[in-house]
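Undergrad: Structure of the sequence below:
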Amino acid sequence: MIRTATPDDVPVLHAMIRELAAYEKEPEQARATEEQLREALFGERPAVFAHVAEADGEPVGFALWFLNFSTWRGVHGIYLEDLYVRPHARGGGHGRALLTELARICVARGYERLEWAVLNWNAPSIGFYESLGARPQDEWTTYRLTDGALAALGGTGAGSED
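TA: The predicted structure follows:
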(Lines give C-alpha, C1' and ligand atoms only; values in the text may rest on other atoms or scores of the structure.)
Protein backbone atom coordinates (compact mmCIF):
# COMPACT_ATOMS: atom_id res chain seq x y z
CA MET A 1 0.00 0.00 0.00
CA ILE A 2 1.22 3.51 -0.86
CA ARG A 3 -0.07 6.49 1.08
CA THR A 4 0.76 10.14 1.62
CA ALA A 5 2.99 10.67 4.64
CA THR A 6 1.51 12.17 7.80
CA PRO A 7 3.20 14.02 10.69
CA ASP A 8 3.17 10.74 12.63
CA ASP A 9 5.50 9.28 9.99
CA VAL A 10 8.33 11.74 10.67
CA PRO A 11 10.28 9.47 13.07
CA VAL A 12 10.20 6.49 10.70
CA LEU A 13 10.98 8.69 7.69
CA HIS A 14 13.94 10.12 9.58
CA ALA A 15 15.13 6.61 10.47
CA MET A 16 14.84 5.44 6.85
CA ILE A 17 16.72 8.52 5.61
CA ARG A 18 19.57 7.56 7.94
CA GLU A 19 19.40 3.96 6.67
CA LEU A 20 19.60 5.25 3.10
CA ALA A 21 22.63 7.40 3.96
CA ALA A 22 24.36 4.35 5.43
CA TYR A 23 23.53 2.32 2.29
CA GLU A 24 24.99 5.12 0.16
CA LYS A 25 28.16 4.98 2.31
CA GLU A 26 27.79 8.50 3.75
CA PRO A 27 25.99 8.17 7.09
CA GLU A 28 27.73 11.26 8.49
CA GLN A 29 26.11 13.40 5.78
CA ALA A 30 22.56 12.67 7.04
CA ARG A 31 22.42 15.61 9.45
CA ALA A 32 18.75 16.58 9.08
CA THR A 33 16.77 16.40 12.29
CA GLU A 34 13.23 15.17 12.79
CA GLU A 35 12.22 18.76 13.50
CA GLN A 36 13.66 19.96 10.17
CA LEU A 37 11.90 17.15 8.33
CA ARG A 38 8.61 17.89 10.08
CA GLU A 39 8.85 21.59 9.14
CA ALA A 40 9.77 20.84 5.51
CA LEU A 41 6.91 18.37 5.06
CA PHE A 42 4.19 19.80 7.29
CA GLY A 43 5.14 23.36 8.22
CA GLU A 44 3.35 26.54 7.26
CA ARG A 45 4.66 26.41 3.67
CA PRO A 46 5.66 22.82 2.81
CA ALA A 47 7.90 22.52 -0.22
CA VAL A 48 8.70 18.82 0.11
CA PHE A 49 6.31 15.88 -0.07
CA ALA A 50 6.53 12.23 0.89
CA HIS A 51 4.77 8.96 0.28
CA VAL A 52 5.14 5.85 2.42
CA ALA A 53 5.07 2.23 1.30
CA GLU A 54 3.53 -0.15 3.84
CA ALA A 55 3.46 -3.92 4.13
CA ASP A 56 1.20 -5.43 6.78
CA GLY A 57 0.81 -1.99 8.37
CA GLU A 58 4.58 -1.50 8.69
CA PRO A 59 6.36 1.32 6.84
CA VAL A 60 8.91 -0.36 4.58
CA GLY A 61 9.86 2.43 2.20
CA PHE A 62 9.37 6.01 1.17
CA ALA A 63 9.66 8.51 -1.65
CA LEU A 64 10.53 12.11 -0.82
CA TRP A 65 10.05 14.62 -3.62
CA PHE A 66 9.53 18.22 -4.61
CA LEU A 67 8.42 20.17 -7.66
CA ASN A 68 10.88 21.36 -10.26
CA PHE A 69 10.19 23.40 -13.38
CA SER A 70 11.19 23.02 -17.01
CA THR A 71 11.74 26.35 -18.72
CA TRP A 72 11.72 24.54 -22.05
CA ARG A 73 8.41 22.75 -21.51
CA GLY A 74 6.84 25.48 -19.40
CA VAL A 75 5.46 23.11 -16.77
CA HIS A 76 6.36 21.61 -13.44
CA GLY A 77 7.77 18.16 -12.91
CA ILE A 78 8.63 16.03 -9.92
CA TYR A 79 12.18 15.65 -8.70
CA LEU A 80 12.52 12.53 -6.60
CA GLU A 81 15.08 13.34 -3.92
CA ASP A 82 15.06 9.95 -2.22
CA LEU A 83 13.52 6.55 -2.87
CA TYR A 84 14.24 3.89 -0.30
CA VAL A 85 12.91 0.44 0.51
CA ARG A 86 14.18 -1.38 3.57
CA PRO A 87 16.34 -4.42 2.71
CA HIS A 88 13.90 -7.01 4.09
CA ALA A 89 11.11 -5.62 1.85
CA ARG A 90 13.07 -5.29 -1.40
CA GLY A 91 11.72 -7.27 -4.31
CA GLY A 92 8.16 -6.88 -3.01
CA GLY A 93 7.12 -4.24 -5.54
CA HIS A 94 7.28 -1.30 -3.11
CA GLY A 95 9.79 0.74 -5.11
CA ARG A 96 7.77 0.24 -8.26
CA ALA A 97 4.56 1.19 -6.43
CA LEU A 98 6.14 4.39 -5.09
CA LEU A 99 7.37 5.39 -8.57
CA THR A 100 3.98 4.47 -10.05
CA GLU A 101 2.28 6.82 -7.58
CA LEU A 102 4.63 9.67 -8.51
CA ALA A 103 4.06 8.99 -12.22
CA ARG A 104 0.30 9.01 -11.56
CA ILE A 105 0.62 12.41 -9.86
CA CYS A 106 2.60 13.73 -12.84
CA VAL A 107 -0.01 12.56 -15.32
CA ALA A 108 -2.96 13.81 -13.26
CA ARG A 109 -1.42 17.27 -12.76
CA GLY A 110 0.01 17.72 -16.25
CA TYR A 111 3.64 17.49 -15.12
CA GLU A 112 5.87 16.30 -17.95
CA ARG A 113 8.91 14.97 -16.11
CA LEU A 114 9.75 12.64 -13.25
CA GLU A 115 13.47 12.89 -12.58
CA TRP A 116 16.00 11.64 -10.05
CA ALA A 117 19.68 10.87 -9.65
CA VAL A 118 21.31 7.54 -8.87
CA LEU A 119 24.86 6.83 -7.77
CA ASN A 120 26.95 5.34 -10.58
CA TRP A 121 27.94 2.33 -8.46
CA ASN A 122 24.35 1.42 -7.53
CA ALA A 123 23.86 -1.26 -10.18
CA PRO A 124 20.75 -2.85 -8.58
CA SER A 125 18.91 0.48 -8.61
CA ILE A 126 20.09 1.35 -12.12
CA GLY A 127 18.84 -1.99 -13.39
CA PHE A 128 15.51 -1.49 -11.63
CA TYR A 129 15.02 2.01 -13.04
CA GLU A 130 15.92 0.93 -16.56
CA SER A 131 13.47 -1.98 -16.30
CA LEU A 132 10.73 0.63 -15.83
CA GLY A 133 11.77 2.50 -18.98
CA ALA A 134 13.82 5.24 -17.27
CA ARG A 135 16.91 6.30 -19.20
CA PRO A 136 20.06 7.99 -17.90
CA GLN A 137 20.75 11.55 -18.93
CA ASP A 138 24.43 10.94 -19.68
CA GLU A 139 24.97 14.29 -21.34
CA TRP A 140 24.51 16.15 -18.04
CA THR A 141 26.83 16.32 -15.05
CA THR A 142 25.40 17.30 -11.68
CA TYR A 143 27.22 20.02 -9.77
CA ARG A 144 26.72 20.91 -6.13
CA LEU A 145 27.82 23.69 -3.79
CA THR A 146 27.70 22.86 -0.07
CA ASP A 147 29.34 23.75 3.21
CA GLY A 148 32.40 26.00 2.88
CA ALA A 149 32.17 26.50 -0.87
CA LEU A 150 28.52 27.58 -0.61
CA ALA A 151 29.29 29.91 2.28
CA ALA A 152 32.27 31.39 0.45
CA LEU A 153 30.28 32.09 -2.71
CA GLY A 154 27.20 33.32 -0.85
CA GLY A 155 29.25 35.60 1.35
CA THR A 156 31.06 37.34 -1.49
CA GLY A 157 28.14 39.41 -2.68
CA ALA A 158 28.40 37.74 -6.10
CA GLY A 159 25.25 37.34 -8.11
CA SER A 160 22.19 39.53 -8.29
CA GLU A 161 21.67 42.45 -5.96
CA ASP A 162 18.80 42.27 -3.52
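Undergrad: Quick one: residues contacting the nearest residue to residue 79 once chain neighbours are set aside.
TA: With sequence-adjacent residues excluded and distances taken as C-beta to C-beta, 6 or more residues apart in numbering, residue 79 is closest to residue 68, at 4.4 Å. From N, CA and C alone the C-beta is placed, and that goes for glycine too. Contact analysis of residue 68 by C-beta atoms under 8 Å, 6 or more residues apart in numbering lists 76-79, 113, 115.
Undergrad: nearest to residue 151, of those?
TA: The shortest distance between residue 151 and any of the contacts of residue 68, using C-beta to C-beta, involves residue 79 and amounts to 24.2 Å.
Undergrad: Can you get me the centre-to-centre distance for whichever strand or helix holds that closest one and its chain?
TA: Counting by DSSP states H and E, the secondary-structure element that holds residue 79 is strand 75-85. Between the centre of strand 75-85 and the centre of its chain there are 5 Å (C-alpha atoms, centre = their mean, to the nearest Å).
Undergrad: next helix or strand past it?
TA: Read in the C-terminal direction, the helix or strand following strand 75-85 is helix 94-109, with elements assigned using DSSP H and E.
Undergrad: what helices or strands is the next helix-or-strand element following that next one leaning on?
TA: Remark: after helix 94-109, the chain's next helix or strand is strand 114-116, criterion DSSP H and E. Counting contacts by 3 or more C-beta pairs under 8 Å, 6 or more residues apart in numbering; DSSP states H and E, the secondary-structure elements packed against strand 114-116 are strand 75-85, helix 94-109.
Undergrad: can you redo these as a markdown table with mean pLDDT, distance to residue 123 and mean neighbour count?
TA: Written out in a markdown table, the entries for those read as follows (pLDDT from 0 to 100; distance: least, C-beta to C-beta, whole Å; neighbours: other C-beta atoms under 10 Å):
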| stretch | mean pLDDT | distance to residue 123 | mean neighbour count |
| --- | --- | --- | --- |
| strand 75-85 | 96 | 16 | 18 |
| helix 94-109 | 96 | 15 | 16 |
